[in-house]
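Student: Give me the fold of what follows.
(one chain, ligands or ions: 2)
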Amino acid sequence: MHNDERIVGVETIVGQARPGWDEYFMQIAQTVATRATCPRASVGAVLTRDHRILTTGYNGAPRNVPHCTEVGCLLVNEHCQRATHAEANAIVQGALHGVGLAGAIAYCTHQPCVNCSKLLISAGVERIVYDKPYPDAVAIELLAEAGVALIPFAALLSRSTS
Ligand SMILES: [Zn+2]
Ligand SMILES: [Zn+2]
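Tutor: Residues are numbered from 1 along each chain as shown. Ligands and ions are numbered 1, 2, ... in the order given. As a prediction, the model looks like this:
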């Protein structure tokens, strides 16, 4: 009697908590963002293919360069030039470890800027899912010209995938 009740309870909890793939990878991107070292923004990116993680990135200083949290940001025209953006770091991780990114889906906590959009295009990413809007008309135009899908995460939440 007690065992049956416990099993039913666990199944119910698992059934409610199990996220779809888009939700799962966006949750991971948000966790990746917590590692950011530029105090101006916490951004995370996860590149996936066939439901597997290829690389991850958060915004922070290049290898062997002190982080913003240690020596302060390097501001030029209100933008921090010390930190590399999360999406660029995710692509660099692929270069460092020899992971091809062709056909990947990028899950980004923020809508990618122009430079990151160009890198994602050239790296072979086919779809970008972003959470927080950060509209940039030039980035949107270039992604459209390249045929890369740019999809707000909110638009996917109603869809469930298994
Ligand atoms: Zn910074
Ligand atoms: Zn960027």
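Student: after the lowest-mean-pLDDT helix or strand in the chain comes which helix or strand?
Tutor: Every helix and strand of the chain was ranked by mean pLDDT, DSSP states H and E. The lowest is helix 2-17, at a mean of 54. Following helix 2-17 in sequence order, the next helix or strand is helix 21-33 (DSSP states H and E).
Student: All the strands of this protein, in order from the start?
Tutor: 44-49, 52-58, 75-76, 79-80, 105-110, 127-132, 149-152 (DSSP state E).
Student: interface residues of the chain facing ligand 2?
Tutor: Contact residues, the chain versus ligand 2 (Cβ under 5 Å from the ion): 85, 113, 116. The way it works is simple: take the backbone N, C-alpha and C, and place the C-beta from them, glycine included.
Student: For the spatially most central residue of the chain, which residues are in contact?
Tutor: By Cα atoms, centre = their mean, the chain has its centre lying nearest to residue 45, at 2.1 Å. Applying Cβ atoms under 8 Å, 6 or more residues apart in numbering to residue 45 gives the contacts 29, 32, 56-58, 86-87, 89-90, 106-109.
Student: Residue 24 too?
Tutor: Under the criterion of Cβ under 8 Å, 6+ apart, residue 24 has no neighbours.
Student: could you measure it against residue 73, distance?
Tutor: 32 Å (Cβ to Cβ, to the nearest Å).
Student: likewise residue 67?
Tutor: From residue 67 to residue 73 the distance is 10 Å (Cβ to Cβ).
Student: Point out the residues in the protein that sit beside ligand 1.
Tutor: 38, 68, 73, 80, 82-83.
Student: Among the residues you listed, which one sits closest to ligand 2?
Tutor: residue 83 (9.7 Å; Cβ to the ion).
Student: Now for residue 67 and residue 73: what residues contact both?
Tutor: Counting by Cβ under 8 Å, 6+ apart, the residues touching both residue 67 and residue 73 are 38, 82-83.
Student: which of those residues has the most neighbours?
Tutor: Taking other Cβ atoms under 10 Å as the neighbour criterion, residue 83 ranks highest of the shared contacts of residue 67 and residue 73 with 27 neighbours.
Student: Go ahead and confirm residue 92 touches residue 58.
Tutor: No. Applying Cβ atoms under 8 Å, one finds residue 92 not in contact with residue 58, separated by 11.8 Å.
Student: between those two, who's got more neighbours?
Tutor: residue 58 (26 against 17).
Student: pLDDT value on that one, please?
Tutor: On pLDDT, residue 58 comes in at 98.
Student: what do you get for residue 74?
Tutor: 97.
Student: is it true that it touches residue 66?
Tutor: No. At 10.2 Å, residue 74 does not count as touching residue 66 under the criterion of Cβ under 8 Å.
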